[in-house]
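**Q** Structure for this input, please:
(chains A and B)
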Amino acid sequence: MAFPLQPFFRPSGDREFILSLYNEYARLMYFTARRYTAKADLQNDIVQESLLRLIRNTSTLRGLDPPALSTYIVTTVKNVSIDTLRKEKRIREHTVELDDESVRELASPEPAPDELMAALEDRGRLTAALASLPEDERLLLEQKYFLGSSDRELARFFRCKPGSIRMKLTRARRHMLRILREDRGDESDDEA
Amino acid sequence: MTKRERLMDQYEDAAFALVMDELASWEGEEYLKLNRRLKDDPAAAVPESARRRAQRTVGRAFRKARTASAAKRFCGAVNRAAVVFLVLAVVFAAALTASAGFRASAYRFVMRAFDDHYEYSFESGGEDGEAKPYTAFHLGWLPEGYLFCQGVRGPVSYSEVYQNVDGEALSVTLVSLGSFGVAAIDAEGAVLRRETVKGYEVTVLFYKDYIQAVIPLPESRQMLHLLASSPELPYEALIKIIENMTLT
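**A** You can find the predicted model right below:
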């Protein structure tokens, strides 16, 4: 007939983990925010909001090695920067509308992802291909694959319906594949 | 989407996941180099005010998460404890509420001590009277920081749970024992203290990890049960809660 009462919150190092992350990467976070706004108060707001997002994903962060962790943090700050500036109405919103032409594009035969796997051997080619995508497509791929954002989170960020985000992802991926193939085509021409 | 299109989409997605994982590492190495340069650059220093704000943000976020998590777990735990307590009362109880024509004798509250538990019940004696059970209570005073968490009404009881930001919780339960009901409370490791509050006999039981209090209500053959998750709750605070309680 005992009434057992257990401790209600596990002793956690999560708070200390996040604080140590901040101490380690604060300068990099502010550096990233400064690329989007020169205003110190907005930079502060961006970094604080980024911290809150990192806290929500503490368990993911704990599983990352330092390089992947730094990419995660920088990508988070970039996203928050864009979100913040949107609220400040300092930049135009990123929207990609699916029109008939886009649908036709998707329907046509596309290069297989084998192209992508082959490009793994050339770090520079892959990095350049990602960088040459339009900003919204690059952001979409970064958020999807660097941050592991869900379709719903992506749809909220890109102001579109959740159902159409899959189509946008397919479009962005195939655009990157085309860039890689064209780049390889250029190299083949050079060799010839 | 056809099956083939779906499979192709999954293949693309998996291939991109692998490649982007590599890209994340490569870009991350560049960010780490940049971070090392920034750490050596005095111009890139983060103002102390910004650091303090970040510490407050982190502290607040974790306190909020801890409170929400503790509230969910404690409310669950107290509900489980309350259910155990209620089950004991229900198992032994027979007539619970006054019905038309029912006449009850005046009852006296009896507490029996056993090796590992105390039993509480009402035994008849004296002049006949009509039992008018209370159906609710109001807490006129609570220790600072305690907020209402949830209320639970059962067939023979009504409970309210309160919690503060540190995750410490307090439950108050009004139980109808009726003519034959018996309630049991754990006695193992308990230290008892008795006091009379507003004419009611209060028994407080101090345990290693929590505190319980029992207040019999002979006029209605009910009892009040208090359970505090923190053994540090001051005795005076517990008595003050009881003093400022009203029953309806």
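
**Q** how does chain A divide into domains?
**A** Residue ranges for the domains of chain A, per automatic domain parsing: A:14-87, A:100-191.

**Q** quick one: contacts for the residue in chain A that chain B sits nearest to?
**A** Chain B sits closest to residue A:67 of chain A, with a gap of 2.8 Å, by C-beta to the nearest C-beta. The C-beta positions use only the backbone N, C-alpha and C, and glycine is treated the same way. Contact analysis of residue A:67 by C-beta atoms under 8 Å, 6 or more residues apart in numbering or on different chains lists B:24-29, B:31-32.

**Q** buried subset of these?
**A** B:24-25, B:27-29, B:31-32 (16 or more other C-beta atoms under 10 Å in any protein chain shown).

**Q** can you list these in JSON lines and add secondary structure, distance to chain A and pLDDT?
**A** Shown next, in JSON lines, are those (DSSP: H, G, I helix; E, B strand; the rest coil; distance: C-beta to the nearest C-beta, whole Å; pLDDT from 0 to 100):
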{"residue": "B:24", "secondary structure": "helix", "distance to chain A": "4", "pLDDT": "94"}
{"residue": "B:25", "secondary structure": "helix", "distance to chain A": "5", "pLDDT": "93"}
{"residue": "B:27", "secondary structure": "helix", "distance to chain A": "5", "pLDDT": "93"}
{"residue": "B:28", "secondary structure": "helix", "distance to chain A": "3", "pLDDT": "95"}
{"residue": "B:29", "secondary structure": "helix", "distance to chain A": "5", "pLDDT": "95"}
{"residue": "B:31", "secondary structure": "helix", "distance to chain A": "4", "pLDDT": "96"}
{"residue": "B:32", "secondary structure": "helix", "distance to chain A": "5", "pLDDT": "96"}
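
**Q** right, and the pair among those residues with maximum separation?
**A** The two members of the buried ones among the contacts of residue A:67 with the most space between them (C-beta to C-beta) are B:24 and B:32, at 12.1 Å.

**Q** pLDDT on stretch B:33-45, on average?
**A** Average pLDDT, stretch B:33-45: 95.

**Q** Same question for stretch B:191-209.
**A** 87.

**Q** CA atoms only for that stretch, dumped as PDB, please.
**A** What follows is stretch B:191-209 as a C-alpha-only set of coordinates in PDB (Å, rounded to 0.1, in the frame of the first residue of the first chain):
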ATOM      1  CA  VAL B 191       6.500   9.800  11.400                       C
ATOM      2  CA  LEU B 192       3.100  11.000  12.700                       C
ATOM      3  CA  ARG B 193       2.100  14.300  14.100                       C
ATOM      4  CA  ARG B 194      -1.400  15.300  15.200                       C
ATOM      5  CA  GLU B 195      -3.000  18.700  15.400                       C
ATOM      6  CA  THR B 196      -6.500  20.100  15.700                       C
ATOM      7  CA  VAL B 197      -7.300  22.600  12.900                       C
ATOM      8  CA  LYS B 198     -10.700  24.400  13.000                       C
ATOM      9  CA  GLY B 199     -12.100  21.600  15.200                       C
ATOM     10  CA  TYR B 200     -10.900  18.900  12.900                       C
ATOM     11  CA  GLU B 201      -8.300  16.300  13.900                       C
ATOM     12  CA  VAL B 202      -5.500  16.400  11.400                       C
ATOM     13  CA  THR B 203      -2.900  13.600  11.200                       C
ATOM     14  CA  VAL B 204       0.300  14.500   9.200                       C
ATOM     15  CA  LEU B 205       2.500  11.600   8.100                       C
ATOM     16  CA  PHE B 206       6.100  12.500   7.200                       C
ATOM     17  CA  TYR B 207       7.900  10.100   4.900                       C
ATOM     18  CA  LYS B 208      11.400  10.200   3.400                       C
ATOM     19  CA  ASP B 209      10.200  11.500   0.000                       C
END
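
**Q** what's in contact with it?
**A** Stretch B:191-209 has contacts (C-beta under 8 Å, 6+ apart) with A:5, B:109, B:111, B:118, B:185-187, B:189-190, B:211-217, B:229, B:231, B:235, B:238-239, B:242-243.

**Q** Narrow the residues you listed to those that are buried.
**A** Looks like the contacts of stretch B:191-209 have A:5, B:109, B:111, B:118, B:185-187, B:190, B:211-217, B:229, B:238-239, B:242 buried, using 16+ other C-beta under 10 Å.

**Q** Tell me the pLDDT of residue 87.
**A** You didn't pick a chain, so chain A it is. Residue A:87 is given a pLDDT of 80.

**Q** I was thinking of chain B, sorry if that wasn't clear
**A** 40.

**Q** avg pLDDT for stretch B:150-157?
**A** Averaging pLDDT along stretch B:150-157 gives 83.

**Q** hmm, that stretch touching chain A?
**A** No: counting by C-beta under 8 Å from any C-beta of the partner chain, chain A has no neighbours in stretch B:150-157; the shortest distance is 14.8 Å.

**Q** How far off centre is that stretch?
**A** Taking C-alpha atoms, centre = their mean, to the nearest Å, one finds stretch B:150-157 lying 14 Å from the centre of the chain it belongs to.

**Q** Can you point out the buried residues in it?
**A** Quick answer for stretch B:150-157 (16+ other C-beta under 10 Å): B:152, B:154, B:156-157.

**Q** where does the chain dip in pLDDT?
**A** You didn't say which chain, so I picked chain A. Along chain A, the model assigns pLDDT under 70 to residues A:1-12, A:90-112, A:185-192.

**Q** Can you look at chain B instead?
**A** Residues of chain B meeting the criterion pLDDT under 70: B:65-107, B:125-131, B:180.

**Q** change it to 50
**A** Where chain B drops to pLDDT under 50, the residues are B:83-105, B:128.

**Q** Domains in it, by residue range?
**A** Listed by automatic domain parsing, the domain ranges of chain B are B:3-65, B:85-247.

**Q** List phi and psi for residue B:189.
**A** Per-residue torsions, residue B:189: phi 80, psi 10 (degrees, to the nearest 10).
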